[in-house]
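S.K.: Predicted model follows, preceded by the sequence.
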Amino acid sequence: MPDVYKIREDFPLLQRVRKTDGKPFVYLDNAATSLKPRQVIEAVIEYYEKYCANIHRGVHYLSQKASELYEEAHEKVAKFIGARSMEEIVFVKNTTEAINYVAYGIDWKPGDEIVTTVMEHHSNLVPWQIVRGKFGVKLKFVRLRDRWFLDIEHLEELITDRTRLVAVVHASNVLGTINPVEEICKIAHDHGALVLVDGAQSVPHMPIDVKKIGCDFLAFSGHKMLGPTGIGALYIREGLGEELNPTFGGGDMIRRVTLEKSEWNVLPWKFEAGTPNIAGGIGFGAAVDYLRRVGMEWVRAHEKELTRYALKRMSEIPGVEVYGPEDIEKRGGVIAFNVRGFDPHEVAMLLDDLENIAIRSGLHCAEPLHNALGISSSARASFYLYNTKEEVDLFCDTLEKIARELGSTE
Ligand code: C6P
């Protein structure tokens, strides 16, 4: 059974205390990016110190070794999400880039329709607006039901035989809501539409099996799951990679080039033009190793426990309004909230000043969702495998102090 206190020893930033008052660092901004364990940092350093060479471009030892490690990382990520093989895994910069690969890779036809939702992060909205502007496709939005959920009946109404793509977030970065992506895939596939799942907030936090979900594309970021920044992945279901156009042309994504035309390389390299983020990719592999060792069932269970406890404590603080489902089975470890009488940025600054607690505040790159909720912005705490009940207590105690004491002096 993993021990959260043992896990914490692997994270250098969790060993730090604030110089001015000795307060430990409490990191509750995991939905923005996660901390990195020593094992990931060391894997990146090891590449630079021992195997620093380009991949797929040399017969010398270092290039062979770097290629081997980079390919192995694809295999690890493939296994982590239940993909059939690493041919389905393209390394990209982040979730945003993964989604843009799909936006620019599909041969859009006049009359095509895209169905997305008001719950999306801007990354799964703006690319479709650009596609609409360029190719004249129609964009439709699924609304919310019962405040925190997608209205699946509305989704059924919106999907027609003209729907080319359904683009939906798996776990909301604001509400925490976990959407029924399996059901959505079935509905979409019955109409011959493809499904892109934004897994930025799900892949790091729960067991994922793309075959079970049934999606055609899954986008996620390495930096939110203990990996380095600048690396992420796009899963492209077997059989689709051949149809999708490469977004970028250049080195390594080709098999043969003449002045007239080029032939694409085999998958996944067809989509990885130019020298990739080799160190980041190897670090991503190390992050996945770390998460597999801990176990994703445990990660999910641990976050559920922290979230359940935080939700209960927060509900007892007068003036604190929490957004998102109460049912812990239907939500992830992200809690957006507001404190009456305070701007969310003020709340975040006070938590930082008073107790060295990091949370996020603002729109969380989900402005249409905030509009749909009728709020101008929110504060947000988000948990990960290394957070503890003591940290949740400190967060809630400080929040209570802010709401009760500081609020009353306004
Ligand atoms: N959300 C947050 O604080 P990138 O930036 O490409 O790695 O991930 C984009 C993204 C896409 N979808 C969802 C659901 C997300 O939560 C994010 C990133 C961070 O909520 C940074 S804005």
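M.R.: It's in. Residues are numbered from 1 along each chain as shown.

S.K.: Kindly report the residues of the stretch 151-300 of the chain close to the ligand.
M.R.: Contacts of the stretch 151-300 of the chain with the ligand, taken as Cβ under 6 Å from any ligand atom, map to 169, 173, 198, 200, 201, 221. C-beta: built from backbone N, CA, C; applies to glycine.

S.K.: In this structure the last one contacts residue 97, no?
M.R.: No: counting by Cβ atoms under 8 Å, residue 221 sits too far from residue 97 to count as a contact (9.2 Å).

S.K.: Identify the contacts common to these two.
M.R.: residue 232 (Cβ atoms under 8 Å, 6 or more residues apart in numbering).

S.K.: So between these two, which is more surrounded?
M.R.: Set side by side, residue 221 and residue 97 show more neighbours around residue 221, with 28 against 19, by other Cβ atoms under 10 Å.

S.K.: With adjacent residues omitted, what lies nearest to residue 375?
M.R.: Residue nearest to residue 375 in three dimensions, not counting chain neighbours: residue 338, with 6.7 Å by Cβ to Cβ, 6 or more residues apart in numbering.

S.K.: what's the neighbour count on the one you found?
M.R.: 20.

S.K.: again, but for residue 159
M.R.: So residue 159, with other Cβ under 10 Å, has 22 neighbours.

S.K.: Just to check, it is in contact with residue 115?
M.R.: Yes: Residue 159 lies in contact with residue 115 (Cβ under 8 Å); the separation is 5.6 Å.

S.K.: Report the set of residues contacting both of these two.
M.R.: 166, 188, 193.

S.K.: Now intersect the residues you listed with the strands, please.
M.R.: residue 166 (DSSP state E).

S.K.: Among the shared contacts of residue 159 and residue 115, which one has the most neighbours?
M.R.: Neighbour counts for those peak at residue 166, which has 29 neighbours (criterion: other Cβ under 10 Å).

S.K.: any idea of the pLDDT on the nearest residue to that one once chain neighbours are set aside?
M.R.: Spatial nearest neighbour of residue 166, excluding adjacent residues (Cβ to Cβ, 6+ apart): residue 188 at 4.3 Å. According to the prediction, residue 188 has pLDDT 98.

S.K.: And residue 188, how close does it get to residue 100?
M.R.: Noted for residue 188: a distance of 20 Å to residue 100, by Cβ to Cβ, to the nearest Å.

S.K.: Also residue 11?
M.R.: The gap separating residue 11 from residue 100 is 31 Å, by Cβ to Cβ.

S.K.: Give me the phi and psi for the residue nearest to residue 385 when sequence neighbours are not counted.
M.R.: Excluding its sequence neighbours, the residue lying closest to residue 385 (Cβ to Cβ, 6+ apart) is residue 299, at 4.9 Å. Residue 299 adopts backbone torsions of phi -60, psi -50, taken as degrees, to the nearest 10.

S.K.: Residue 361 too?
M.R.: phi -140, psi 150.

S.K.: Going forward, the N-terminal residue is numbered 11.
M.R.: Sounds good: first residue 11 from here, last item residue 371.

S.K.: pLDDT averaged over stretch 251-258, what's the number?
M.R.: 96.

S.K.: Distance across it, terminal residue to terminal residue?
M.R.: 14 Å (Cα to Cα, to the nearest Å).

S.K.: now stretch 127-135
M.R.: Terminal-residue distance, stretch 127-135 (Cα to Cα): 8 Å.

S.K.: Give me the distance from it to the chain's centre.
M.R.: A distance of 12 Å separates the centroid of the chain from that of stretch 127-135, by Cα atoms, centre = their mean, to the nearest Å.

S.K.: do stretch 159-179 as well
M.R.: On Cα atoms, centre = their mean, the centre of stretch 159-179 falls 21 Å from that of its chain.
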